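>>> generate coordinates for the sequence data below:
(one chain, ligands or ions: 1)
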Amino acid sequence: MNEFVLRTHQLTKQYKSQTALDRVDLSIRQGTIYGFIGQNGAGKSTLMKLVTGLAFPTSGTVELFGSTGSAELVKARKRMGVSIENPALYPLLTASENLEAHRLQQGIPGRETVKRTLELVGLSGTGRKKARNFSLGMKQRLALGVALLGSPEFLILDEPTNGLDPMGVVEMRDLLTKLNREMGITILISSHILSELHLLATHYGIIHKGKLLEQLTSRELQEKCRQFIHIKVDRPERAAAVIERELSTTAFEVTNDGSIRLFAYLDRPATVSAALVGEGLALEQFMPMGEDLESYFTSRIGGGEHA
Ligand SMILES: Nc1ncnc2c1ncn2[C@@H]1O[C@H](COP(=O)(O)OP(=O)(O)OP(=O)(O)O)[C@@H](O)[C@H]1O
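Next comes the predicted model:
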């Protein structure tokens, strides 16, 4: 089986004068949850539409399950479940009736599929309640149910947590984690809020103004968002020696400007300052620092503006 579920090669989409996607090389490995992060208008939906066949690229290729030819792609897309933009739900039908209508439309055999899907997305208890009376979280889960009807190996979800309250975000995250871990479904999920993908995505792609700025693993992201104590002293080499000897840690680095980033003792800053001052060092700066997820994202796309 192909290791990559999806790869795009120099994928570009031009709408008149607007370049919605600019030579994007994205890759998603089987079994991962790929968080696709970008501001409104960055090009997330456009990429998803090209992958799902709802729009055609101006240039470049989509490779899905190893296939690139148009006839092969039609076949490969049958292995995919999709929820892009407003979910096509029937407001006057119940959750069960909605799924049944979509099952028939998509020609998916077996009535029991509906019951199984309702259970999977946690909506089996909704009975006669019509979709128009559902909370946003329930509607999003029902839309996810529609995407799951064909037992896909790959799910593409455009902003499924958009507008949900924190509890709704957690529920959606738990559900998607379950689909990934227990059923092995690979997931591409977009959002304009990085923290909503946090604890869910195993990989990230950051897109800005149609360009894929960076792809990184959650571990790499965590590393980049590492918290530390920023220390500026008159004699950094001496301070480094004191930290090693008095605090018994090598979890620090001396940066080019001579300041020290200490990754340990975050919960005991007074111990650190006392050790340094005790050795006669003059503390010029001493503060906890580090980027959180959102500021990392903002700094990346800010940098992208001048790229
Ligand atoms: N059919 C279209 N015709 C013209 N321009 C379009 C069309 N679809 C998208 N665009 C433009 O392409 C760019 C990327 O849009 P896209 O919808 O992919 O962004 P997005 O990252 O999904 O943002 P959002 O979260 O707002 O949907 C935007 O500037 C948008 O205005």
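
>>> these two touch, right, Ala275 and Leu247?
Yes. Contact criterion CB atoms under 8 Å: Ala275 and Leu247 qualify, at 5.9 Å. (Glycine included, C-beta is placed from N, CA and C.)

>>> okay, the longest strand seen in the chain in PDB with CA atoms only?
Longest strand of the chain, by residue count under DSSP state E: strand 4-15. Extracted in PDB, the C-alpha atoms of strand 4-15 (Å, rounded to 0.1, in the frame of the first residue of the first chain):
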ATOM      1  CA  PHE A   4       1.400   8.600   1.000                       C
ATOM      2  CA  VAL A   5      -2.400   9.100   0.900                       C
ATOM      3  CA  LEU A   6      -2.100  12.500  -0.700                       C
ATOM      4  CA  ARG A   7       0.700  14.400  -2.400                       C
ATOM      5  CA  THR A   8       0.400  17.600  -4.400                       C
ATOM      6  CA  HIS A   9       3.100  18.600  -6.900                       C
ATOM      7  CA  GLN A  10       3.500  22.300  -7.600                       C
ATOM      8  CA  LEU A  11      -0.300  22.600  -7.300                       C
ATOM      9  CA  THR A  12      -1.500  26.000  -8.600                       C
ATOM     10  CA  LYS A  13      -4.900  27.600  -8.900                       C
ATOM     11  CA  GLN A  14      -5.400  30.900 -10.500                       C
ATOM     12  CA  TYR A  15      -8.800  32.700 -10.400                       C
END
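
>>> contacts (any at all) between the ligand and that strand?
Yes. Interface with the ligand: strand 4-15 contributes Tyr15 (CB under 6 Å from any ligand atom).

>>> which residues of the stretch 51-200 of the chain lie near the ligand?
Close to the ligand, as judged by CB under 6 Å from any ligand atom, the stretch 51-200 of the chain has residues His192.

>>> where along the stretch 51-200 of the chain do the helices fall?
70-76, 95-106, 112-120, 136-148, 166-183, 194-197 (DSSP state H, counting those that start in this stretch).

>>> format those helices as JSON lines; extra columns: mean pLDDT and mean neighbour count.
As requested, those are arranged in JSON lines below (pLDDT from 0 to 100; neighbours: other CB atoms under 10 Å):
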{"stretch": "helix 70-76", "mean pLDDT": "94", "mean neighbour count": "14"}
{"stretch": "helix 95-106", "mean pLDDT": "95", "mean neighbour count": "18"}
{"stretch": "helix 112-120", "mean pLDDT": "94", "mean neighbour count": "17"}
{"stretch": "helix 136-148", "mean pLDDT": "93", "mean neighbour count": "22"}
{"stretch": "helix 166-183", "mean pLDDT": "93", "mean neighbour count": "16"}
{"stretch": "helix 194-197", "mean pLDDT": "86", "mean neighbour count": "20"}
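
>>> can you put those in a markdown table and add distance to Asp234?
What follows is the helices of the stretch 51-200 of the chain, written out as a markdown table (distance: least, CB to CB, whole Å):
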| stretch | distance to Asp234 |
| --- | --- |
| helix 70-76 | 63 |
| helix 95-106 | 67 |
| helix 112-120 | 62 |
| helix 136-148 | 55 |
| helix 166-183 | 46 |
| helix 194-197 | 38 |
